[in-house]
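Student: dropping the sequence and predicted coords here.
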Amino acid sequence: MVTKLLVGCVIRDKSGRVLLIHRNTAKLTQWELPGGKLESGEAPEAAAIREVQEEVGISVQITKLLGNTEFEDDGILWKYAWFNAEISGGEPQLGEPDRYDGMAYFDLLDSGLPARGISINISNLIDAIQNKQVRW
């Protein structure tokens, strides 16, 4: 099985809600964290910072690793790291309009969030928060 490495940033507003972006492609329509795949030789933290810049146009500072997860999807083993990040420059705005059509802050523990269509990774993050495997 092919393994791919992913990273994502948990960026919260003053109310503690988390910034999610809405992917709208032929293959996927879902809310997800800003983040993405590591490039060859790239450190996870550097990939997270780069992906946030590309997807929502802001600079962030990684404050800590929140946790890791793995999941299988479409014959691929995805290994994912969640980082807590704070905005250090800019205002969030959608980048990559060919992939994303929305952006909003959400309470991850809102019981109605899954009905909005969330990624496997967001579901895993919610489970990790509820099981106290991720603390912020």
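Tutor: It's in.
Student: now the most centrally placed residue in the chain: closest residue in space, sequence neighbours ignored.
Tutor: Centroid-nearest residue in the chain, with Cα atoms, centre = their mean: Leu33, separated by 2.1 Å. Nearest-residue entry for Leu33: Gly8, 3.5 Å, with adjacent residues in sequence omitted and distances by Cβ to Cβ, 6 or more residues apart in numbering. All C-beta spots, glycine's among them, are computed from the backbone N, C-alpha and C.
Student: need the three-state assignment for that neighbour.
Tutor: Per DSSP: H, G, I helix; E, B strand; the rest coil, the secondary structure class of Gly8 is strand.
Student: follow-up on the earlier one: now for the residue nearest to the centre of the chain: which residues touch it?
Tutor: 8-10, 18-21, 82, 119, 121-122, 125 (Cβ atoms under 8 Å, 6 or more residues apart in numbering).
Student: go through the chain and flag its longest helix.
Tutor: Longest helix in the chain by number of residues (criterion: DSSP state H): helix 44-56.
Student: and that one, which residues are buried?
Tutor: 44-45, 47-53, 55-56 (16 or more other Cβ atoms under 10 Å).
Student: can you tell me the element Tyr80 falls in?
Tutor: Element membership for Tyr80, per DSSP states H and E: strand 76-89.
Student: residues making contact with the helix or strand following that strand?
Tutor: Next helix or strand after strand 76-89 toward the C-terminus (DSSP H and E): strand 100-106. Applying Cβ under 8 Å, 6+ apart, the external contacts of strand 100-106 come out as 12-13, 15, 17-24, 31, 55-56, 92-94, 113, 116.
Student: and strand 100-106, average pLDDT?
Tutor: For strand 100-106, the mean pLDDT works out to 97.
Student: repeat that for stretch 29-40.
Tutor: 96.
Student: how far does it sit from its chain's centre?
Tutor: The chain centre lies 6 Å from the centre of stretch 29-40; the measure is Cα atoms, centre = their mean, to the nearest Å.
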